[in-house]
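>>> Structural data only, the sequence is not supplied:
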Ligand code: SF4
Ligand code: SF4
């Protein structure tokens with residue numbers, strides 16, 4: 001119960017803090033913009049899996065080029081204050097170029113950082129690094145239990161590999177008497193796995209040492225989440241919105257999730273779901289995800305996404321706001337760029353319920369008026 005409460009409070013604090021920071025920065029932006037509070041790093045677009053539900057499936061595994069060199073990464077990180085949180089994701093980060101030296105540098109600079117992985121690659125050096133340098137949060141994407149997980153990933157033995165990784169990192173944490181990294185399990189709720197959510201949650205409890213179970217509602221908005229980056233916000237994809245849909249009964253889906261939330265009060269393994277939706281509206285989300293959106297949000301001035309080649313995007317929306325190389329590796333300057341300002345203005349004018357925000361895991365979604 002207490003763990004649930006603390007986790008909920010931390011989540012609210014992060015949510016509120018990022019919104020407030022964005023609001024302040026939105027006002028300072030033209031004079032002296034602050035650095036981003038959150039830097040999402042899409043460290044690679046490559047992935048060793050091809051999950052059917054992947055919202056990046058169209059853009060995975062390109063021929064990556066123009067990678068930032070190590071020296072360039074260092075310049076970027078050196079210009080950031082320690083308060084900037086690094087959210088490292090992919091593709092699959094464990095196969096990113098220079099992943100170990102990069103993580104070493106990020107963590108030695110004292111940043112709070114999180115890494116999200118599909119857990120299929122075992123790398124003892126990396127796991128030791130995460131513990132030694134106090135990575136804050138390591139998130140494994142787990143879709144189901146055992147063979148059902150392997151089928152969801154179309155990858156035999158992938159569940160076994162996650163278990164191996166989990167057991168190894170917990171062993172290292174125990175040996176080194178470290179609380180970090182905190183371990184999270186992320187599950188995307190699909191038509192295939194919703195009946196097994198409680199079973200999966202109980203399996204997480206049985207495995208032990210897991211700090212948080214996070215559920216992702218299905219979302220499919222092509223302008224979001226590391227797909228293409230577009231030059232102009234006039235492109236039709238900006239009005240595509242969230243086209244995800246569930247075939248299963250929305251009533252049963254909602255009752256399963258609400259049942260799981262109740263169940264987690266007994267297991268004491270905290271649970272959350274994203275995008276955040278008022279519980280009473282969950283059934284409506286499952287019936288039609290595209291009927292939900294974001295009423296208001298200031299976080300566009302608090303978070304930047306940077307790709308492996310230095311390309312920058314606001315929040316996690318695929319609009320080109322330049323390359324970090326154009327800004328002398330100083331992310332603050334991106335807020336001042338004309339491209340960003342033009343986009344920021346257009347976004348602000350589009351509230352309530354801009355299409356680009358549909359499916360964003362950083363903001364509460366409500367039924368569109
Ligand atoms: S592991 Fe993640 S990034 Fe890779 S295909 Fe599956 S959902 Fe997409
Ligand atoms: S995409 Fe929209 S909802 Fe998400 S953080 Fe940015 S402004 Fe907020």
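Structure received. Here the structure is a predicted model, which means the values were calculated and not measured. Ligands and ions are numbered 1, 2, ... in the order given.
>>> got the residue ranges for the strands in the protein?
Here the chain has its strands, by DSSP state E, at 38-42, 85-89, 113-117, 137-141, 182-188, 212-216, 271-274, 292-293, 303-307, 312-314, 366-367.
>>> in the fourth one, what counts as buried?
Of the residues in strand 137-141, those scored as buried under the neighbour-count criterion (16 or more other C-beta atoms under 10 Å) are 137, 138, 139, 140, 141. Every residue, glycine included, has its C-beta placed from N, CA and C.
>>> can I get the residues you listed in a markdown table with distance to ligand 2 and pLDDT?
Below are the buried residues of strand 137-141 laid out as a markdown table (distance: C-beta to the nearest ligand atom, whole Å; pLDDT from 0 to 100):
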| residue | distance to ligand 2 | pLDDT |
| --- | --- | --- |
| 137 | 19 | 97 |
| 138 | 23 | 98 |
| 139 | 19 | 97 |
| 140 | 24 | 97 |
| 141 | 20 | 96 |
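>>> quick one: which of the residues you listed is nearest to residue 100?
Of all the buried residues of strand 137-141, residue 100 sits closest to residue 138, with 14.7 Å by C-beta to C-beta.
>>> isn't the closest one right next to residue 185, touching?
No. Using C-beta atoms under 8 Å, residue 138 is not in contact with residue 185; the gap is 10.3 Å.
>>> how about the residues of this structure near ligand 1?
Applying C-beta under 6 Å from any ligand atom, we find that the chain lies next to ligand 1 at 47, 49, 50, 51, 54, 56, 90, 91, 92, 118, 141.
>>> out of these, which are buried?
47, 49, 51, 54, 56, 90, 91, 92, 118, 141.
>>> From the buried residues of strand 137-141, pick the one nearest ligand 1.
Nearest to ligand 1 among the buried residues of strand 137-141 is residue 141, at 5.8 Å by C-beta to the nearest ligand atom.
>>> which residues does the closest one contact?
For residue 141, the contacting residues are 116, 117, 118, 119, 185, 186, 187, 188, by C-beta atoms under 8 Å, 6 or more residues apart in numbering.
>>> got it, and residue 21?
Shown in contact with residue 21 (C-beta under 8 Å, 6+ apart): 34, 37, 301, 302.
>>> Around the last one, count how many other residues there are.
Residue 302 is flanked by 25 other residues according to other C-beta atoms under 10 Å.
>>> And for the third one?
One way to gauge burial is a neighbour count; for residue 301, by other C-beta under 10 Å, it gives 28.
>>> check contacts around it.
Contacts of residue 301 by C-beta under 8 Å, 6+ apart are 21, 22, 23, 25, 26, 29, 335, 344.
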